[in-house]
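Turn this into a model:
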Amino acid sequence: MQFSKQLVKAIIFDLDGTLIDSDKDIEKIINLIRKNDLNKKKLPIKKIANYTSIGGDDLIKKTISEKNYKFHLQTFRKLYLKLEIRKKLILPGVINFLKFLKSKNIKIYICTNKPKSLCSKIINNTRLKEFIDMYFCSDEYKVKKPNSKFFLKIQQKIKINKNQIIFIGDSMIDYNFCQNSILKFFLFKNSRIEYPKKIYFKLSKLDRILFNYKNMNRFKRIIL
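This next block holds a predicted model:
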């Protein structure tokens with residue numbers, strides 16, 4: 001499907017792994033809890049990266065323990081909130097891309113399974129606050145990706161036709177969310193995540209894979 005400047009009025013971004021490199025922070029905290037509370041071995045960052053988009057409960061179950069996961073999640077979030085924002089948290093090229101979108105009067109939103117407390121801290125303490133029009137967090141709306149009800153709640157707020165929206169994310173959760181919501185999806189390829197070959201091939205054939213934000217000429221041509 002061809003896009004045009006008039007058609008694309010908004011882009012919704014995932015947060016973790018798409019706009020920010022949060023894997024390093026999440027890996028640090030998870031392995032700290034594994035070591036101090038459970039005396040478990042360290043997990044590699046590539047394994048953890050595959051679970052950072054699924055929401056807190058499932059993240060903890062997959063990487064720490066299903067037993068007492070709510071307690072561990074509480075510990076995780078307390079440590080995360082105390083963590084200092086890294087200077088290189090925002091992925092390379094993101095700010096220039098957001099500037100480009102703003103220059104074209106395209107609205108910029110975030111949709112994340114991250115809780116609002118953490119999302120707010122990241123946005124308000126980085127340059128993202130200069131560009132983001134609104135952000136939507138799963139705990140605030142009581143539903144999370146890939147449930148299409150999340151998008152319906154977003155659409156009620158932004159009042160933009162779904163045909164005029166592009167979603168950019170890095171995970172299969174994001175892909176499934178767009179499939180369920182019938183949204184146009186672009187994949188930001190996170191080098192730490194393993195993608196099903198069938199989906200990866202399909203998106204590449206549709207010209208919908210963004211390898212990085214530094215070379216966005218192809219994407220710009222598509223939406224303009």
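
which secondary element of the protein has the worst mean pLDDT?
Of the helices and strands making up the chain, the lowest-confidence element is helix 217-223, at a mean of 73, by mean pLDDT, DSSP states H and E.

what's the average pLDDT for stretch 117-125?
Averaging pLDDT along stretch 117-125 yields 96.

oh, I was asking about stretch 38-45
Mean predicted lDDT for stretch 38-45 stands at 94.

got the buried residues for it?
43, 45 (16 or more other CB atoms under 10 Å). Every residue, glycine included, has its C-beta placed from N, CA and C.

Give me the residues contacting that stretch.
By CB atoms under 8 Å, 6 or more residues apart in numbering, the surrounding residues in contact with stretch 38-45 are 23-24, 27, 30-31, 34-35, 63-65, 192.

elements contacting the least confident helix or strand of the chain?
Here helix 217-223 touches no other helix or strand, going by 3 or more CB pairs under 8 Å, 6 or more residues apart in numbering; DSSP states H and E.

so how far is it off the chain centroid?
Here the centre of helix 217-223 is set off from its chain's centre by 21 Å, with CA atoms, centre = their mean, to the nearest Å.

one step back: please dump the contacts of stretch 38-45 into JSON lines; it should also carry neighbour count for every row.
Below are the contacts of stretch 38-45 laid out as JSON lines (neighbours: other CB atoms under 10 Å):
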{"residue": "23", "neighbour count": "19"}
{"residue": "24", "neighbour count": "14"}
{"residue": "27", "neighbour count": "21"}
{"residue": "30", "neighbour count": "26"}
{"residue": "31", "neighbour count": "19"}
{"residue": "34", "neighbour count": "18"}
{"residue": "35", "neighbour count": "12"}
{"residue": "63", "neighbour count": "24"}
{"residue": "64", "neighbour count": "24"}
{"residue": "65", "neighbour count": "16"}
{"residue": "192", "neighbour count": "17"}
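
and of these, the nearest to residue 144?
Using CB to CB, residue 63 comes nearest to residue 144 of the contacts of stretch 38-45, at 17.3 Å.

Mind telling me what element residue 110 is part of?
strand 107-112 (DSSP states H and E).

pLDDT of that strand, averaged?
On average, strand 107-112 scores 98.

Quick check: phi and psi on the residue in the chain sticking out farthest from the centre?
Using CA atoms, centre = their mean, the residue of the chain lying farthest from its centre is residue 39. It sits 30.3 Å away. Here is the backbone geometry of residue 39 (degrees, to the nearest 10): phi 50, psi 40.

Sheet-wise, list the partners of the strand holding residue 110 with their directions.
Paired neighbours of strand 107-112 in the sheet (DSSP bridges): strand 10-13 (parallel), strand 134-137 (parallel).
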